[in-house]
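Trainee: below are the sequence and a predicted model; questions follow.
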Amino acid sequence: MNRVSMVLLAGGVGKRMKMNVPKQLLTIGGKPIIAHVLEKIEMIDEIAEVIIPSPENYIEETIMTINDHQFSKPFQVIEGGSSRQESTYKALQHVQHEHVIIHEAVRPFVSKEEFIHLIHCEEENAIYGLDIPFTVLEGKEYIEGNLERDRLVNIQLPQKFNTEKLLAAHEKAHHEMNEFTEDASLYFHYYGENIKVLEGTEYNIKITKPIDRKVAEIIYKDYVLGREYSE
Amino acid sequence: MKTCIVTGASRGIGRAIAVKLSERNDIDNLILVARSKNDLNETVKLMNEQKNIYSYSVDLTNSAETQKLVHSVGQEFGTIDLLFNVAGYAEPKSLLETTLENWETTYKVNVQSVFMITKEVVKFMKKTGGKIVNVASTAGMSSRPGWLAYASSKAALISMSQTLSDELAEYGIKVYCVSPGRCATELRRILAPDEDQSKIMQPEHVADVVNNLISDHGLCLDGQNIVIRQQPHVQLQTVSNKTETASPSR
């Protein structure tokens, strides 16, 4: 595989975080969450361009963060959509390369190696996933059915797809007003093709709720910095 | 082919470090920074002329100048592998004698300029890893009546070094801090005008330690405040190429 494009989803507005600032611009270890991801992206030669859909009000701040850290990849910060799916759809329309990596700005602890492994994975479409260590049943107020845990996978990002096919799938979903929570399910819905699941790590958490940020601070200090803190 | 920046390279410890670094095989590009171009030229004369030496007259308290310098060095050489923050300022006064101007200048040189240049350098260094050495002082470790601004600014530098050592670890950047005690420099003469400088530690002794720190010997010494001082009643021999302690002299 040659060089790929990256779509870094940064369209969240932080409702579940109960903050006025989008969660990707909140800090971990004093550094904006999105910067943790961009630092890894910056080190990967195979990534030729980065498209970042952002809430309109935060485009300037996102660009400022990129400039503050002197990231040098070709970046495009574009106005995101009203949903995650719409943001991805809009970003895909800017992608120049045959293959695209989709990642979320709020998964700061993805490693450079995970990106590289995904890019070089022989399968055209691949994602990261984890086993589910707890039981998941169908239903809301009442249990309506059993699910076989061994047949389920906890979907993570980053994910890799053929750009043209993913964009076509998004166009269909857009016209049919079908909504999906992420791209593997959307892609599978329209093509039914195999999507390779690579084994992810527990560290690659998605920061959604306030408790995730607390966990993230611990991961940052213990896993990323790797120092012993006695105080 | 490593590139390094040494601030305060026009005299004292900065000059000694610059000279020592020019003798290393693993450093090719030495960027010397200080206010006085003439004094920098004197430093260059003492250095290994086989190296690529560039001297810049820059006021490090001017953040725009600092930014411009670091950016041009980073662009020219691709990265910056080593940064030595040696430039310092002292105007020793007690509390009631310390003017706001004195306080601000001391902090601008000893703290703020280190913050600024480190911030700019790390933008390049974080892509390749590297080493940063901050020269603080034993004055930053305990009470120094009459040296309020200087001593507290050096305490700030020690603290900055410790935090940055942890914060920059993820980029493979090691941050060292050395705190020399009494050392025969012009700055020391301001702090202790009556001292016989021939009987105290010389800048070259500090340069030797710094040179060791950035070698393999220093791999596990980052993040600590390393005190470099002459033990009381032990006179150090005049420095040539080797650091040797002489017998006690009383």
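Mentor: Sure thing, it's come through.
Trainee: tell me which stretches of chain A form strands.
Mentor: A:4-9, A:27-28, A:31-32, A:47-54, A:75-79, A:99-104, A:126-130, A:137-139, A:143-146, A:154-162, A:196-199 (DSSP state E).
Trainee: tell me, how many residues neighbour the nearest residue to residue B:48 once chain neighbours are set aside?
Mentor: In space, and not counting its chain neighbours, residue B:48 is closest to residue B:22: 3.9 Å by Cβ to Cβ, 6 or more residues apart in numbering or on different chains. Bear in mind the C-beta positions are built from the backbone N, C-alpha and C, glycine included. Neighbour count for residue B:22, taken as other Cβ atoms under 10 Å in any protein chain shown: 23.
Trainee: also residue A:170?
Mentor: Residue neighbour count, defined by other Cβ under 10 Å, stands at 24 for residue A:170.
Trainee: and stretch B:21-32, what's buried?
Mentor: B:21-22, B:24, B:27-32 (16 or more other Cβ atoms under 10 Å in any protein chain shown).
Trainee: swap that for stretch A:191-199, please
Mentor: For stretch A:191-199, burial by neighbour count (16+ other Cβ under 10 Å) applies to A:191, A:195, A:197-198.
Trainee: same thing with stretch A:212-222?
Mentor: Buried, per 16+ other Cβ under 10 Å, within stretch A:212-222: A:212-213, A:216, A:219-221.
Trainee: tell me the least confident of these?
Mentor: Within the buried residues of stretch A:212-222, the minimum per-residue pLDDT falls on residue A:221 (89).
Trainee: what residues does chain A have near chain B?
Mentor: Neighbours of chain B within chain A, by Cβ under 8 Å from any Cβ of the partner chain: A:29-30, A:39, A:42-43, A:69-70, A:224-227.
Trainee: and the residue lying closest to residue B:188 once chain neighbours are set aside, how far from residue B:199?
Mentor: Among residues not flanking residue B:188 along the chain, residue B:182 sits closest, at 6.5 Å (Cβ to Cβ, 6+ apart). According to Cβ to Cβ, to the nearest Å, residue B:182 stands 9 Å off from residue B:199.
Trainee: got the residues of chain B near chain A?
Mentor: Contact residues (Cβ under 8 Å from any Cβ) of chain B with chain A: B:123-124, B:126-127, B:166-167, B:169-171.
Trainee: try it again with 7 Å
Mentor: With Cβ under 7 Å from any Cβ of the partner chain as the criterion, chain B comes near chain A at residues B:123, B:127, B:166, B:169-170.
Trainee: now flag whichever of the residues you listed is closest to residue A:106.
Mentor: Closest to residue A:106 out of the residues of chain B next to chain A is residue B:170 (18.5 Å), distances taken as Cβ to Cβ.
Trainee: before we move on, the earlier item: closest to residue B:221 out of the strands of chain A?
Mentor: With Cβ to Cβ as the criterion, residue B:221 lies closest to strand A:31-32 of these, at 25.8 Å.
Trainee: which residues does the closest one contact?
Mentor: By Cβ atoms under 7 Å, 6 or more residues apart in numbering or on different chains, the surrounding residues in contact with strand A:31-32 are A:25, A:65.
Trainee: picking up where we left off before, got CSV for the residues of chain B next to chain A, with pLDDT, secondary structure and neighbour count too?
Mentor: Compiled in CSV, those are given as follows (pLDDT from 0 to 100; DSSP: H, G, I helix; E, B strand; the rest coil; neighbours: other Cβ atoms under 10 Å in any protein chain shown):
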residue, pLDDT, secondary structure, neighbour count
B:123, 96, helix, 18
B:127, 92, coil, 19
B:166, 93, helix, 17
B:169, 93, helix, 17
B:170, 92, helix, 17
